[in-house]
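Build me a model:
(2 chains)
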2 protein chains.
Amino acid sequence: MKEFDFIKSIKQSTYSQPSVIKGVGDDAAVFRQGHADIVTAVDTFVEGVHFTKETMGVYDVGYRALAANISDIAAMGATPVMYLVSVVFPNTWTAQERLHLMNGMKELAQAYRMDMIGGDTVAGDTFVLSVTIIGYVHASKVRYRSTAQENDVVFVTGTLGDAAAGLSILLNEVDGIKYDKYFIHRHIRPTPRITFAEALHTIDRVTLNDVSDGIASEATEIAQASHVDIYLSDEKVPVSRHYNQFPPSQQYNWKYFGGEDFEMLGTVARRDWETVQLAAKITGVDVTEIGTVTSGSGKVYLEQNGSTKPLPKKGYQH
Amino acid sequence: MKEFDFIKSIKQSTYSQPSVIKGVGDDAAVFRQGHADIVTAVDTFVEGVHFTKETMGVYDVGYRALAANISDIAAMGATPVMYLVSVVFPNTWTAQERLHLMNGMKELAQAYRMDMIGGDTVAGDTFVLSVTIIGYVHASKVRYRSTAQENDVVFVTGTLGDAAAGLSILLNEVDGIKYDKYFIHRHIRPTPRITFAEALHTIDRVTLNDVSDGIASEATEIAQASHVDIYLSDEKVPVSRHYNQFPPSQQYNWKYFGGEDFEMLGTVARRDWETVQLAAKITGVDVTEIGTVTSGSGKVYLEQNGSTKPLPKKGYQH
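Numbering: from 1, shown residues only, chains lettered A, B, ... in the order given. Purely as a prediction, here's the structure:
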């Protein structure tokens, strides 16, 4: 039941994080954290559900899985520091593919000075990758989704719908697309908004969710957890330069219900909005005001073409 | 990518651990630990590899998976406090079965006042359960496998081979077995040796491994990590009262190479052996001296019928 030799064989020779006391190699890993709070989450990726080998190379699978986890940590306002992996490898996976998978994670991990401190690999029919991530955050700077308040500015980083467009291109659902590489890259190599979220540390209260299930779903989660309503303005929702080449119904579906852009959706008091914009600027991220928070009971509305309609919480379906 | 509604639907209404700040319900869980070191490990269970629905009910699958994880924490000398789960559910699993799985974990969790602080469930063809466990330990009392020293007493708790015998009975490999329920229970409901391992806290140095892959493998891990040799005496290796009804070759294989008894294999200085025996007594666990540590280079030898032979490191094959 303990990590097999594969995990030991790819064990790091040194650890970047001084808090790691024991990484891979015993019954469990050990770390020490006396000052910050500890943030942890787990995400699972199944071949045939979250990706196929046709749409993504195994290196990208590793990269993207860890990126998704790091995005969760960003949405808590925390800094990612360590991760553990659990992999079910079908016998058809070659030794090189297994290594590529781990290296895809490692590339991103090194960019954030994260350490792989443990893992478990077993054989099975279907490839499953489960990543547990651990981050640190100053106690007063955890960003919960339950803290949105009336009159907050609603903002989002980057552009929306691109990752879903990229997946659609990979699945050959759309044809003759210009700048297809851009959209595909957005799908297979998402950039977690860690530096942006960290740069908000001077602000006392920011509500954050990462966009893993489309902003309709994410905004609803904030509205419900905070007991407020959220109004989004369709004309303000940011899309990329060449997004308008897709059919309008797809544009609409992807930007509101398309999963896995891994941008940050947030709300903040109007007086702190300028600080958010500054944080975006110094971390090289675009940020756009897309709506407002009102008193309410957990609903999200979309203002479009002069009318206001409820935006249903239908998330991304894998 | 965040936990689906299923995990939220089984969210605990309160948490037992005061260190849990935020459990299920945001992008990640948050906890605080200013005094102890933190211990963490992940274990994965695949249907058809680690169990089949013929050999084990889903409640037992949950119970046993968490027990295996808790056993890893015990082997570090730590106290289990929290866990996160990741489950791939085939569509054939009913709502009731999913709940039974979680309740199997919950029963054991409650016995140790552990909290489920996060999780992720996705659909897939094959059932996979991955549990990440978190424990706390006083910094100077972590029990690494690399600390065995020459002249140490080698000991083991409980009896060995019973879980493998139980599995064999469930798989109908053996017939006409008396006390079959005892052996089956040992397989499906292992008892992690947490209280015993915790009761060793007055001893400065104890080397511990949990027996998840047979003692041949576990003893080799200790010998290799500690750069010593270990001599085991076959006649001292404890087996249960009715173990001798099985064919001798199976008895031998199961007790040395049979996995998942989840007993504690350890080494300790001779002067502390009495304290280990006392710890066993007050926690209601049997402990037996089964060998000694000598200077060496990572090998394990078995003394049997007057001769001494190397004991190969062949662990339990799922």
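
Residues contacting the helix-or-strand element of chain A with minimal mean pLDDT from elsewhere in the structure, which ones?
Every helix and strand of chain A was ranked by mean pLDDT, DSSP states H and E. The lowest is helix A:5-9, at a mean of 84. Here helix A:5-9 makes contact (Cβ atoms under 8 Å, 6 or more residues apart in numbering or on different chains) with A:24-25, A:85, A:98, A:118-121. All C-beta spots, glycine's among them, are computed from the backbone N, C-alpha and C.

are any of those residues buried, and which?
Among these, those buried by neighbour count (16 or more other Cβ atoms under 10 Å in any protein chain shown) are A:24-25, A:85, A:98, A:118-121.

where does the residue of the stretch 201-318 of chain A found nearest chain B land in three-state SS?
Closest to chain B within the stretch 201-318 of chain A is A:Ser212: 4.1 Å, counting by Cβ to the nearest Cβ. Here A:Ser212 is coil, with the state taken from DSSP: H, G, I helix; E, B strand; the rest coil.

Next, count neighbours for it.
24 (other Cβ atoms under 10 Å in any protein chain shown).

Tell me the pLDDT of it.
A:Ser212 is assigned a predicted lDDT (pLDDT) of 91.

Could you do A:Asn172 as well?
Listed pLDDT for A:Asn172 reads 86.

what do you get for A:Lys314?
81.

ranges for the strands of the stretch 101-250 of chain A?
Here the stretch 101-250 of chain A has its strands, by DSSP state E, counting those that start in this stretch, at A:115-123, A:128-137, A:153-157, A:206-210, A:228-233.

Alpha carbons only: can I get the longest one in PDB?
Output in PDB follows, covering the C-alpha atoms of strand A:128-137 (Å, rounded to 0.1, in the frame of the first residue of the first chain):
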ATOM      1  CA  VAL A 128      -6.600   7.900 -13.200                       C
ATOM      2  CA  LEU A 129      -4.500  10.700 -11.800                       C
ATOM      3  CA  SER A 130      -5.300  12.200  -8.500                       C
ATOM      4  CA  VAL A 131      -3.300  15.100  -7.100                       C
ATOM      5  CA  THR A 132      -3.400  16.400  -3.500                       C
ATOM      6  CA  ILE A 133      -2.000  19.800  -3.200                       C
ATOM      7  CA  ILE A 134      -0.800  21.700  -0.100                       C
ATOM      8  CA  GLY A 135      -0.300  25.400   0.200                       C
ATOM      9  CA  TYR A 136       0.300  28.000   2.900                       C
ATOM     10  CA  VAL A 137      -1.600  31.200   3.600                       C
END
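
Could you dump the strands of the stretch 101-250 of chain A into JSON lines with distance to chain B added?
Putting those into JSON lines (distance: least, Cβ to the nearest Cβ, whole Å) gives the following:
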{"stretch": "strand A:115-123", "distance to chain B": "5"}
{"stretch": "strand A:128-137", "distance to chain B": "4"}
{"stretch": "strand A:153-157", "distance to chain B": "15"}
{"stretch": "strand A:206-210", "distance to chain B": "6"}
{"stretch": "strand A:228-233", "distance to chain B": "16"}
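
closest one to B:Thr195 among these?
Closest of these to B:Thr195 is strand A:115-123, at 24.3 Å (criterion: Cβ to Cβ).

Against which helices or strands is that closest one packed?
Packing partners of strand A:115-123 (3 or more Cβ pairs under 8 Å, 6 or more residues apart in numbering or on different chains; DSSP states H and E): helix A:5-9, strand A:20-22, strand A:29-31, strand A:79-89, helix A:95-111, strand B:37-46.
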